[in-house]
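In: compute the structure for the input listed below.
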Amino acid sequence: MTLNSIVIAGAGHAGVQVALSLRQDGYTGSISLVNDEPWLPYQRPPLSKAYLLGKIDATAMQFRPAQFYTDQRIDLVADRGAAIDRQNRRLLLASGTVLDYDHLVLATGAHNRPLNVPGAGLANVYGVKTRADAEALAPLLGNAKRVVVIGAGFIGLEFAAVAAAAGAAVDVLELGDRPMARAVSPAMSELFRAAHAAWGVTFHFRGAVAEIEGDNGKAVAVLTADGRRLPADLVVYGIGVIPNVGLALEAGLGIDNGIRVDAGLLTSDPHISALGDVACFPCLQNGERPTRLESVQNAVDQGKLIAARLTGKPAPYTALPWFWTDQGHLKLQIAGLSGGADNHVVLGDPAAQQVSVLCFRGEQLLAVESCGRVGDHMAARKILARPPALTPSMAAAPGFDLKAWEAANR
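Out: You can find the predicted model right below:
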């Protein structure tokens, strides 16, 4: 079937990549890119770091300038998808506008999991997900003396590092027993806990929020379930995200921890694809179990794959997942998925904050976490992209060098 019109709902990393790759792959039909924010599409990773600190401006975050979209005949539609008419292949927008499509791509992303406690609606309580969030936070950050961060995941810790660098006293409240517990090994958690502590951050583990105490409409403290009171003139939370499946659900598409797609990122409707934070796909590195990943790499690689399929080059999605987070002067890079790991081999020097942790399940290498060892990260991506033969006993041998092993075993 010849495609004359492709509509992309969502203008984050995933949606923009589909549009760019379609043109790069030779697609000449119409492309409508529906953007539900009031500015040009932009990158999100700087929001909790460089943009918040004023190190880069809004223009530097843009994927492309406005003229690029004009030159590439990508129609930026400032609106929001409201309903899908699958029978007639139309996307109804919130404004009442209707976009006809031969193929629809859902890149609707995710939204912050809400903080459902009394006081969450007070004026100085924020999540960090959009440019609007960062712009509201930035002027408050400079005046905040006591900051409470709820959640010790990537976003929470990125903001904690920024707030500490700005001179605030920072308390981090976390339900689990260590930082980034769902994402990294105990050894890497400890490295980052110690680093944050040295920056002046105080952690409160196994701590649940009971209430945010307010005065004249503003938060003044966070009260915990076990009776602690953490004074605050700014509260920031990062407790996960929820995929934006509303459009797909109302249209009757398959839903399973996101929009369910096959290995080619097609939904249960052959005229609709989904990708990025909103898509749950059979992940090769996770035993082909349904998996939803929240990463720039995943959004970009899936965008390229969908564009290739729509221009006649279908293939299953097999890209290796990788992630990163910048906290203070530290960069953590992760290759692979470490879920189910039962053995860890630590390389490097924790005292120098230069460590790689190799995560194994039995004899199988699942993932490599690297801090301050970029070469290890690049080697790990190559090793994990093919059936890895590296075993725990090899990695634990005296003098083992991951980069050298990769070079010798290509």
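In: residue 84 - nearest residue in space that isn't next to it in sequence?
Out: Closest residue in space to residue 84, ignoring its immediate chain neighbours: residue 251 at 3.9 Å, by Cβ to Cβ, 6 or more residues apart in numbering. C-beta coordinates here come from the backbone N, C-alpha and C atoms, glycine included.
In: all the strands of the stretch 201-350 of the chain, residue numbers only.
Out: 201-205, 209-215, 218-224, 229-231, 234-237, 241-243, 259-260, 272-274, 279-283, 289-291, 322-327, 330-336, 343-349 (DSSP state E, counting those that start in this stretch).
In: does anything pack onto the third one? Which helices or strands?
Out: Okay, so that is strand 218-224. If contacts are counted by 3 or more Cβ pairs under 8 Å, 6 or more residues apart in numbering; DSSP states H and E, strand 218-224 sits against strand 169-174, strand 209-215, strand 229-231, strand 234-237.
In: ok, and what's touching it?
Out: 119, 122-125, 148, 150, 171, 173, 204, 207-214, 229-235 (Cβ atoms under 8 Å, 6 or more residues apart in numbering).
In: for stretch 19-36, same thing?
Out: Here stretch 19-36 has contacts from 3-11, 15-16, 41, 63-64, 69, 72-81, 91, 93, 99, 101-102, 303-304, 306-308, 310-311, 313, using Cβ under 8 Å, 6+ apart.
In: give me the buried subset of the residues you listed.
Out: 3, 6-11, 15-16, 41, 63-64, 69, 74, 76-77, 79-81, 91, 93, 99, 101-102, 303-304, 306-308, 310-311 (16 or more other Cβ atoms under 10 Å).
In: turn the helices and strands packed on strand 218-224 into a markdown table, including mean pLDDT and distance to residue 278.
Out: Below are those laid out as a markdown table (pLDDT from 0 to 100; distance: least, Cβ to Cβ, whole Å):
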| stretch | mean pLDDT | distance to residue 278 |
| --- | --- | --- |
| strand 169-174 | 98 | 26 |
| strand 209-215 | 97 | 27 |
| strand 229-231 | 97 | 34 |
| strand 234-237 | 97 | 21 |
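In: any idea whether residue 68 is helix, strand or coil?
Out: Following DSSP: H, G, I helix; E, B strand; the rest coil, the label given to residue 68 is helix.
In: tell me the mean pLDDT for stretch 31-41?
Out: Mean pLDDT, stretch 31-41: 97.
In: and stretch 270-287, by the same measure?
Out: On average, stretch 270-287 scores 97.
In: buried ones in that stretch?
Out: Quick answer for stretch 270-287 (16+ other Cβ under 10 Å): 272-286.
In: got a list of contacts for the helix or strand bottoming out on mean pLDDT in the chain?
Out: The helix or strand of the chain with the poorest confidence is helix 131-141; it has a mean of 91 (mean pLDDT, DSSP states H and E). With contacts defined as Cβ under 8 Å, 6+ apart, helix 131-141 is touched by 37, 39, 42, 47-48, 51-52, 54, 58, 61, 124, 126-128, 147, 162-163, 166, 168, 234, 236.
In: buried ones among those?
Out: For those, buried by 16+ other Cβ under 10 Å: 42, 47-48, 51-52, 61, 124, 126-128, 147, 162-163, 168, 234, 236.
In: partners of the helix or strand following the least confident helix or strand of the chain, with directions?
Out: Helices and strands here follow DSSP states H and E; after helix 131-141, the next one along the chain is strand 146-150. Applying DSSP bridges, strand 146-150 is found paired with strand 169-174 (parallel), strand 234-237 (parallel).
In: and for the longest one, what's in contact with it?
Out: Applying Cβ under 8 Å, 6+ apart, the contact partners of strand 169-174 are 145-152, 156-157, 160, 163-164, 179, 181, 196, 200-207, 209, 222, 224, 230, 232.
In: and what of the shortest one?
Out: Defining contact as Cβ under 8 Å, 6+ apart, one finds that strand 234-237 is touched by 112, 115, 122, 124-128, 137, 140-141, 144, 146-151, 156, 159, 163, 168, 212, 219, 222.
In: just how off-centre is it within its chain?
Out: 19 Å (Cα atoms, centre = their mean, to the nearest Å).
In: nearest spatial neighbour of residue 195, chain-adjacent residues omitted?
Out: Nearest to residue 195 is residue 330, by Cβ to Cβ, 6+ apart, at 5.9 Å.
In: surely the one you found meets residue 371?
Out: Yes: under the criterion of Cβ atoms under 8 Å, residue 330 makes contact with residue 371 at 5.9 Å.
In: need the longest helix for the protein.
Out: helix 296-310 (DSSP state H).
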